[in-house]
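> Got a sequence here, can you build the structure:
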Amino acid sequence: MIEKTFPKTFPTNTIKEQPGIEKNMNPRPIFQHEEYDVRGDRLKNKVAIITGGDSGIGRAVSVVYAKEGAKVCIIYFNEDEDANETKVIIEGIGGECLLIKGDIGDESFCNNTVKTVIEKYNKIDIFISNAGEQHPINNLGELTYDQIDRTFRTNIYGALFMCKALEQHLKDGASIILTTSITAYNGHERLIDYSATKGALTSLTRSLALMFAPKGIRVNAVAPGPIWTPLIPSTFTAEELSKFGSKTALKRAGQPVELAEAYVFLASQGASFITGETIHVNGGEIVNS
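Numbering: from 1, shown residues only. Next up, the predicted model:
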């Protein structure tokens, strides 16, 4: 079975700065695999914007979208090496990739990004809000205003700013997919503000689904469990890394490639009667959705 080839333990080397650089990770996240290499036309000629599409889950989604025929527009913060590497990978399989660098917590940047994509492709069919950041604390005294503002600005403001900018451009059949988290359902004792933003994204998914339904636009979410991405070694301690993913039913963390198909499905015609829902990809943790 393919999952037996995925690592169950990880080195305890931490990364000092977020969101972390995938190029420097060991082992590197698995964003594609020959046994997952299904190429089709489920997203043929679709134009997709993916925030945080340069690495981790976003890279896996960007690559599989390109394999399914979509034109991929990646928004990234400052990870130039990862972004350029992802672009090379996509172009190497015959795909098309546009890189846009900036801060989605800035509404003017979001407006300009949508304008840029519309000017180039004349349409936008899919939006994936995947960029995120998290900062663990040991007590509420460590939770500063600046940290709260930064986490909410990246995780929830960015999603709202992008959806607001996209509203007039999305047509019947378009799809919005928000990346939430298992922490929105189970909580996390150290990721207080992060968990709050993911809860907000879960609620936003349901509300936007109702707002956009009359226009034929579907809104759904994916809630990952523990997934090996650059955000993990840049967030947790060496001790936490040594146990990462061990509490799941499958006794391991997931790899980005294992989430990518959920994003393809939700954006495809196969999910035409699904909106306001969340797909949980978490290795067997039972949640009340």
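
> Any stretches of the stretch 151-289 of the chain with poor pLDDT?
Residues of the stretch 151-289 of the chain that meet the criterion pLDDT under 70 lie in 231, 234-235, 245-246, 289.

> just so I have it, where are all the strands in it?
With strands called from DSSP state E, counting those that start in this stretch, the stretch 151-289 of the chain shows them at 175-179, 218-224, 278-281.

> With distance to residue 113 as added columns, please give those strands in TSV.
Placement of C-beta: from N, CA and C, glycine included. Output for these, formatted as TSV (distance: least, CB to CB, whole Å):
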stretch	distance to residue 113
strand 175-179	15
strand 218-224	19
strand 278-281	25
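
> export those strands to JSON lines and tack on mean neighbour count?
Listed next are the strands of the stretch 151-289 of the chain as JSON lines, based on neighbours: other CB atoms under 10 Å:
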{"stretch": "strand 175-179", "mean neighbour count": "26"}
{"stretch": "strand 218-224", "mean neighbour count": "25"}
{"stretch": "strand 278-281", "mean neighbour count": "20"}
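
> Just list the residues touching residue 45, thanks.
When contacts are counted by CB atoms under 8 Å, 6 or more residues apart in numbering, residue 45 touches 69-71.

> tell me the helices in the stretch 151-289 of the chain, going along the chain?
Per DSSP state H, counting those that start in this stretch, the stretch 151-289 of the chain carries helices over the ranges 158-166, 183-186, 192-212, 238-242, 257-267.

> Need the winner for burial among the ones you listed.
helix 257-267 (a mean of 23; mean count of other CB atoms under 10 Å).

> what's it packed up against?
Using 3 or more CB pairs under 8 Å, 6 or more residues apart in numbering; DSSP states H and E, the elements in contact with helix 257-267 are helix 56-67, strand 175-179, strand 218-224, strand 278-281.

> Distance from the chain centre to the third one, please.
If I follow you right, that is strand 218-224. 10 Å (CA atoms, centre = their mean, to the nearest Å).

> Work out the sheet partners of that strand and label each with its direction, please.
strand 175-179 (parallel), strand 278-281 (parallel) (DSSP bridges).

> picking up where we left off before, residue 118: which of the strands of the stretch 151-289 of the chain is closest?
strand 175-179 (16.1 Å; CB to CB).

> what sits up against that closest one?
Against strand 175-179 from outside (CB under 8 Å, 6+ apart): 57, 125-130, 132, 159, 163, 166, 170, 201, 204-205, 208, 212, 217-224, 263, 266-267, 271.
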